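> Below are the sequence and a predicted model for it; my questions follow.
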Amino acid sequence: MKKITIALFVLFSSQLFAAGGGVALESARIDLNDKASLQRGAKYFVNYCLSCHSAKQLRYSRMATDLEIPPELVELNLMFTGEKIFDGMTISMRPEDAVRWFGVNPPDLSLIARSRGSDWLYTYLKSFYVDESRPFGVNNILFPKVGMPHVLADLQGLQKAVYKDVELEDGSVRTVIDHLEISEPGRMSVEEYDEAMNDLVNFLTYMGEPAQLERQKLGWKVLVFILIMLLVFYFLKKEFWKDIH
């Protein structure tokens, strides 16, 4: 029982707090049946993420089919550098250029939602704040010393950190970030930005496993089939063995 309690505590803590940061994660509303949300998320991903981050495991054609977007609209609105509809979502930036400009090659985001989790991504996208000590003038409360600029600042605006003093067990006082607040408004209100980031994370979650809904539907069919066959086999067994004592 003690081991089970510890395991549950660790699992619960990993969902609530970022690694090493102790920041409570906000919950994203993931609904892969919401095609409108996924379409908006695809728009945000292409316009704000795909310049630096690739998604090689997802083809434009698959996205068009799953999100119910006509291929011609995908080519017109979501493809800008001469790709073909059956190509993966790649970028033209060379890795060596990325390292020179950002200090690191931005990772492919095909599986980012599966590795980080949707709640982590949702919180991360809302947690940038002004920090003049950083190369791009921003930091992230969830991912300290982040190397990524706040590319969504025109939508969210700029946030400033509000600090507070916390007394530690040894009696010393440590200054920590209490919360973030908007210092320069963007084009969206707080509620609109939250909704936009939820759409983006919804799309990233879909991108991590495009066949998730198909897998779940097939899983229920398999379970029903197994249940039916179990009943069939049970009655066959009774019939075969009824005269054997």
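Yep, that arrived. Numbering: from 1, shown residues only.

> How is this protein partitioned into domains?
22-210, 217-245 (automatic domain parsing).

> Kindly list the longest strand within this structure.
strand 173-185 (DSSP state E).

> which helices and strands sit right next to the next helix or strand after it?
Going down the chain from strand 173-185, the next helix or strand is helix 190-208, by DSSP states H and E. Contacting helix 190-208 under the criterion 3 or more CB pairs under 8 Å, 6 or more residues apart in numbering; DSSP states H and E are the following elements: helix 35-44, strand 55-59, helix 112-116, helix 118-125, helix 153-156. Every residue, glycine included, has its C-beta placed from N, CA and C.

> so which of these gets nearest residue 145?
Ranking these by proximity to residue 145 (CB to CB) places helix 118-125 first, at 13.5 Å.

> Name the residues that touch that closest one?
Residues lying outside helix 118-125 but in contact with it, judged by CB atoms under 8 Å, 6 or more residues apart in numbering, are 15, 18, 23, 25-28, 30, 112-113, 116, 140, 142-143, 152, 197-198, 200-202, 204-205.

> Now, of those, which are buried?
18, 23, 25-26, 28, 30, 112-113, 116, 140, 142-143, 152, 197-198, 200-202, 204-205 (16 or more other CB atoms under 10 Å).

> give me the number of residues near residue 59?
Using other CB atoms under 10 Å, residue 59 is surrounded by 18 other residues.

> any idea how far it lies from residue 203?
15 Å (CB to CB, to the nearest Å).

> In the protein, which helix is the longest?
helix 212-241 (DSSP state H).

> Any buried residues in that one, and which?
Buried residues in helix 212-241, counted by 16+ other CB under 10 Å: none are found.

> Equivalent analysis for stretch 132-150, please.
138, 139, 140, 141, 142, 143, 146, 148, 149, 150.

> Would you point out the helix or strand in this protein whose mean pLDDT is lowest?
helix 2-16 (a mean of 42; mean pLDDT, DSSP states H and E).

> Check which residues of stretch 70-88 are buried.
Here stretch 70-88 shows 74, 78, 79, 83, 88 as buried, counting by 16+ other CB under 10 Å.

> Now for the residue lying closest to residue 212 once chain neighbours are set aside, how many residues are close by?
Computed as CB to CB, 6 or more residues apart in numbering, the closest residue to residue 212 that is not its neighbour in sequence is residue 32, at 6.2 Å. By the criterion of other CB under 10 Å, residue 32 has 17 neighbours.

> Now do the phi/psi pair for residue 32.
With angles defined as degrees, to the nearest 10, residue 32 sits at phi -80, psi 0.

> Check what pLDDT residue 21 gets.
Looking at residue 21, its pLDDT stands at 51.

> next one: the one 3 residues further on
Among the per-residue scores, residue 24 holds a pLDDT of 90.

> so what's residue 209 up against?
114, 215.

> Give me the distance between it and residue 66.
11 Å.

> try residue 28
Counting by CB to CB, the separation of residue 28 from residue 66 is 19 Å.
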